[in-house]
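**Student:** Build the 3D model from these lines:
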Amino acid sequence: MPGLLSDVLAWVVIATFVAGAVASGRDRKLGRRVMAAAWVLFAIFWLQLIPHFTLVHKSYVEGLLTIAAVPACLYAGWLLFTGRDTLFVLSRAVAAMGVVYLPFETIPAFTLLGTTIPAPRGILMETVAAQTHFLINLLGYSPEMIIGSQGYDNTFLWMQGSHRIEISVVLACTGLGSIAIFAGLIAAVDAPIRRKIRGLAIAVPIIYALNLLRTTFITISVGKQYFHLFVDEILFLFGSSDPYMVSFFISDRIISQVLAVVALIGITYLVVQEVPELLTIIEDVLYMVTGEEYDLRNELGLDAPRNRRA
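**Tutor:** Next up is the predicted model:
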């Protein structure tokens, strides 16, 4: 996220979702109102991120998803407020996702009893960078690892002649976002704990492994400039003037992000085999997109009872 304002707003949003989840267990009407307010706040959160993803991050996929998230959150809040109780499940999922993700995003390093406790994000980024470095070396490449602009040992240095190319593993490169999504979804549904654990055991290792392949692919592609293609067109498309960024835009912003969407769909299919209660959330999302009701359990041949009540 781009700054302190986003961090504070994110915590306010998640705190409101958590409050709504607690309230709904005691007073359904109060919980409905609090959850609806949380969805409005969530829309505001995505609204202020649009410039970051479209103009700063220069990601068409993330930019379009961020733009779409604003009306989607408002619509979800309206549907919940007007009686679609199944959206309590999705609301609880958002709360759980935030609880998993935000500590890594927002908690800095701090000193306790004279000992410096590293930031959770720093530990995760350096771990993924080290494992990516191992895979890169395994493939016969040998970039230098250096301390990046954030102060972590998470940056690869490649040389193209006399030109330095630095590629950093940031929090968005760790797979934590996708892991948080599945953790939140699985935590929110009403299913036996053993099946929930099996669902996580499917999702988390696959996401983590695929993410390491992604960071390895992007780092090598950019470091060796393997996608230095259609330079003028790509620079125009992404609003850049640096020809050394072309390989990054193609390998990350186009190839990796499109494949990530495909991978998440595939992982979702595998997880719902163990936790078919997740289909309630997917059915709600499809209803918001199409305006039609779906019965995915019957269509997929899954026999778990429908979780139509939260």
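
**Student:** and the nearest residue to His163 once chain neighbours are set aside, how many neighbours?
**Tutor:** Of all residues not flanking His163 in the chain, Tyr244 sits nearest, at 6.7 Å (Cβ to Cβ, 6 or more residues apart in numbering). (C-beta placed from N, C-alpha, C; glycine too.) When neighbours are counted by other Cβ atoms under 10 Å, Tyr244 registers 15.

**Student:** Name all residues that make contact with Tyr244.
**Tutor:** Applying Cβ atoms under 8 Å, 6 or more residues apart in numbering to Tyr244 gives the contacts Gln160, His163, Ile165, Gln225.

**Student:** got it, and Cys173?
**Tutor:** Cys173 touches Met125, Val128, Asn211, Arg214, Thr215, counting by Cβ under 8 Å, 6+ apart.

**Student:** where's the first one, which helix or strand?
**Tutor:** By that I understand Met125. Assigning secondary structure by DSSP states H and E places Met125 in helix 120-138.

**Student:** For that helix, give me every contacting residue.
**Tutor:** Contacts for helix 120-138 (Cβ under 8 Å, 6+ apart): 103-105, 107, 109, 142-143, 145, 150-156, 168-171, 173-176, 211-213, 215-216, 219-220.

**Student:** among the helices and strands of this protein, which one scores worst on average pLDDT?
**Tutor:** strand 110-112 (a mean of 65; mean pLDDT, DSSP states H and E).

**Student:** and the closest residue to Val18 other than its chain neighbours, helix, strand or coil?
**Tutor:** Distances taken as Cβ to Cβ, 6+ apart put Ala95 closest to Val18, at 4.7 Å, once the chain neighbours are dropped. Look at Ala95: counting by DSSP: H, G, I helix; E, B strand; the rest coil, its state is helix.

**Student:** Am I right that the residue nearest to His163 is in a strand?
**Tutor:** No: secondary structure assignment (three-state DSSP) places Tyr244 in helix, not in a strand.

**Student:** Roughly how far does it sit from Gln225?
**Tutor:** Using Cβ to Cβ, to the nearest Å, Tyr244 is found at 7 Å from Gln225.

**Student:** shared neighbours, the two?
**Tutor:** In contact with both Tyr244 and Gln225: Gln160, Ile165, using Cβ under 8 Å, 6+ apart.

**Student:** where in the stretch 201-310 of the chain is pLDDT low?
**Tutor:** 303-310 (pLDDT under 70).

**Student:** and if we set it to 90?
**Tutor:** Residues of the stretch 201-310 of the chain meeting the criterion pLDDT under 90: 237-240, 289-292, 294-310.

**Student:** Show me the domain layout of the chain.
**Tutor:** 1-113, 118-274 (automatic domain parsing).

**Student:** least reliable of those domains going by mean pLDDT?
**Tutor:** Among these, domain 1-113 has the lowest mean pLDDT, at a mean of 90.

**Student:** Can you give the distance of it from its chain's centre?
**Tutor:** Between the centre of domain 1-113 and the centre of its host chain there is 13 Å, according to Cα atoms, centre = their mean, to the nearest Å.

**Student:** and the gap between the most centrally placed residue in the chain and Asp252?
**Tutor:** Geometric centre of the chain, nearest residue: Gly177, 2.9 Å, by Cα atoms, centre = their mean. Distance from Gly177 to Asp252, counting by Cβ to Cβ: 15 Å.

**Student:** go on, Ile206?
**Tutor:** Distance from Ile206 to Asp252, by Cβ to Cβ: 20 Å.

**Student:** again with Gly301
**Tutor:** Distance from Gly301 to Asp252, by Cβ to Cβ: 37 Å.

**Student:** which of these two has more neighbours?
**Tutor:** Relative neighbour count places Asp252 above the other of Gly301 and Asp252, with 23 against 6, counting by other Cβ under 10 Å.

**Student:** Might one say that that one is in contact with Ile218?
**Tutor:** Yes: contact criterion Cβ atoms under 8 Å: Asp252 and Ile218 qualify, at 5.0 Å.

**Student:** Strands along the stretch 151-300 of the chain, start to end?
**Tutor:** Along the stretch 151-300 of the chain, the stretches classed as strands by DSSP state E, counting those that start in this stretch are 155-160, 163-168.

**Student:** residue contacts, Ala21?
**Tutor:** Gly31, Met35, Phe88, Ser91, Arg92, Ala95.
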